[in-house]
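**Q** below is the sequence, then the predicted model.
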Amino acid sequence: MTQENEPNEKELWNLINETEGADRADTLLSLSYIANSKGDHKECLALCETAREIYEGLGAEASNATLAHIYNGISWSLKFLDRPAEAAAAADKASMLYREIGSVEMICTLRNEASFWYDAKDYEKALEYYRKALAEPNPDDNEFHTGRDYYNIGTSLLKLDNWQEALDNFLIARNIFKKERDPLQVAFCDEEIAYCYNKLGNPTEGEHYGLKALDFAKTAQDDEREFWACMRLGISYLKQEQWDKAMNYIRTSQRIILQCDSPNWKHVIYIEEKIAEILTAQGNTEEADEITRRIATIKETMDCAQEESTDSLDNPVPTLE
């Protein structure tokens, strides 16, 4: 809602030709906020870049705080336009400017840069910048953000197949969230801890944490959390050769995901493959072969499909298995 004395969009466009220098750049920034609120990220980016050009042309007269703010706006516009590597580069410039003026905004920008690198599938850089954010002293920060840093470091390490170090970070994050009395974040950690233990050849501990994750999912009546908890448990029991329990939990995950309006078909295929694996172990090779034959058609389609974009690190979809 427009404040009483605040110029509207039409008035701001009219001001463009009446202003110059920093005032013109400020007007462009105000227009970029409006474009962003409308979801017009292409327009927002263009306005921010024009404002940046003006500010950089001012030289010593330019405000580093404003320029950092502009780069931050550019980074988010690029993120929404699915250009994560460019978004990370813009966030890096913002963080350097915030560092020069001693602003704690630098830490938030480092976290943003890390998440953009994660979206760009450059997990080494994502890990680097999550660690940088964690290492920065911040008197204004809280334990929740520290827990999220450890969690996000863990998810980056998972992508790099570093199961043990990922586990160590998830356990630290879990302890922080437990102290903060945040059961949802603890459940996220439990899912990933179970995953790591399964990968490390310790499915008994994987089962232990998978059950904890399922306790939350059932209590919260959260289907997405139940999906992941059951997947973790299914793999734990599969690795322990407890075929009936493995089948029960994996079938539950299958039921949940197929109730979605737009199921993730890569996950559906994965589940079907695990069901076929269990059936084979139980001696039911005929049914297992039929499943393998059926999903071959979907796999062929998925191999030709464009890869899906990575979900935001603010509510990450954990990796399978």
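**A** Noted; the coordinates are in hand.

**Q** buried set for the helix or strand harbouring residue 167?
**A** Assigned by DSSP states H and E, residue 167 belongs to helix 163-179. Using 16 or more other CB atoms under 10 Å as the test for burial, helix 163-179 gives 163, 166-174, 176-177. C-beta here means a position set from N, CA and C on the backbone, and glycine is covered the same way.

**Q** any chance of these in a markdown table, plus distance to residue 17 and pLDDT?
**A** Converted to a markdown table, the buried residues of helix 163-179 look like this (distance: CB to CB, whole Å; pLDDT from 0 to 100):
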| residue | distance to residue 17 | pLDDT |
| --- | --- | --- |
| 163 | 60 | 96 |
| 166 | 55 | 98 |
| 167 | 60 | 98 |
| 168 | 58 | 98 |
| 169 | 53 | 98 |
| 170 | 55 | 98 |
| 171 | 59 | 98 |
| 172 | 55 | 98 |
| 173 | 52 | 98 |
| 174 | 57 | 98 |
| 176 | 53 | 96 |
| 177 | 53 | 97 |
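
**Q** closest to residue 44 out of the residues you listed?
**A** When the buried residues of helix 163-179 are compared for distance to residue 44 (CB to CB), residue 173 wins out at 33.3 Å.

**Q** outside of stretch 145-162, which residues touch it?
**A** Applying CB atoms under 8 Å, 6 or more residues apart in numbering, the external contacts of stretch 145-162 come out as 111, 114-115, 118, 121, 123-124, 126-127, 130-131, 133-134, 163, 165-167, 169-170, 172-173, 176-177, 180, 182, 185, 188-189, 192, 195-196, 313, 316, 318-319.

**Q** average pLDDT for it?
**A** Per-residue pLDDT over stretch 145-162 has a mean of 96.

**Q** just the C-alphas of it, formatted as PDB.
**A** In PDB, the C-alpha atoms belonging to stretch 145-162 read as follows (Å, rounded to 0.1, in the frame of the first residue of the first chain):
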ATOM      1  CA  HIS A 145      21.200 -19.000  12.100                       C
ATOM      2  CA  THR A 146      24.200 -20.800  13.400                       C
ATOM      3  CA  GLY A 147      22.300 -24.100  13.300                       C
ATOM      4  CA  ARG A 148      21.200 -23.400   9.800                       C
ATOM      5  CA  ASP A 149      24.800 -22.700   8.800                       C
ATOM      6  CA  TYR A 150      25.900 -26.100  10.100                       C
ATOM      7  CA  TYR A 151      22.900 -27.800   8.400                       C
ATOM      8  CA  ASN A 152      23.700 -26.100   5.100                       C
ATOM      9  CA  ILE A 153      27.400 -27.100   5.400                       C
ATOM     10  CA  GLY A 154      26.100 -30.600   5.900                       C
ATOM     11  CA  THR A 155      23.900 -30.600   2.800                       C
ATOM     12  CA  SER A 156      26.800 -29.300   0.700                       C
ATOM     13  CA  LEU A 157      29.100 -32.000   2.000                       C
ATOM     14  CA  LEU A 158      26.400 -34.600   1.100                       C
ATOM     15  CA  LYS A 159      26.600 -33.400  -2.500                       C
ATOM     16  CA  LEU A 160      30.400 -34.000  -2.300                       C
ATOM     17  CA  ASP A 161      29.900 -37.500  -1.000                       C
ATOM     18  CA  ASN A 162      31.600 -36.600   2.300                       C
END
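
**Q** buried only: go through the contacts of stretch 145-162 for me.
**A** 111, 114-115, 118, 123, 126-127, 130-131, 133-134, 163, 166-167, 169-170, 172-173, 176-177, 182, 185, 188-189, 192, 195-196, 313, 316, 318.

**Q** from the contact counts, what lies against the helix or strand where residue 134 lies?
**A** Residue 134 is located in helix 123-135, with elements delineated by DSSP H and E. Of the remaining helices and strands, those touching helix 123-135 by 3 or more CB pairs under 8 Å, 6 or more residues apart in numbering; DSSP states H and E are helix 105-119, helix 143-159.

**Q** tell me the angle it makes with helix 105-119.
**A** 160 degrees (axes from the mean of the first three to the mean of the last three CA atoms, to 10 degrees).

**Q** quick revisit: between the helix or strand just after the helix holding residue 167 and helix 163-179, how many degrees?
**A** Next in sequence after helix 163-179, counting helices and strands by DSSP H and E, comes helix 183-199. Helix 183-199 and helix 163-179 meet at an angle of 160 degrees, taking the same axes, to 10 degrees as the criterion.

**Q** contact partners of the worst-scoring helix or strand of the chain on mean pLDDT?
**A** Lowest by mean pLDDT, DSSP states H and E among the helices and strands of the chain is helix 9-16, with a mean of 81. Helix 9-16 is contacted by residues 7, 24, 27-28, 30-31, 34 when judged by CB under 8 Å, 6+ apart.

**Q** and stretch 106-113, by the same measure?
**A** Defining contact as CB under 8 Å, 6+ apart, one finds that stretch 106-113 is touched by 68, 72, 75-76, 88, 91-92, 94-95, 98-99, 129-130, 132-133, 136, 138, 141, 149, 152.
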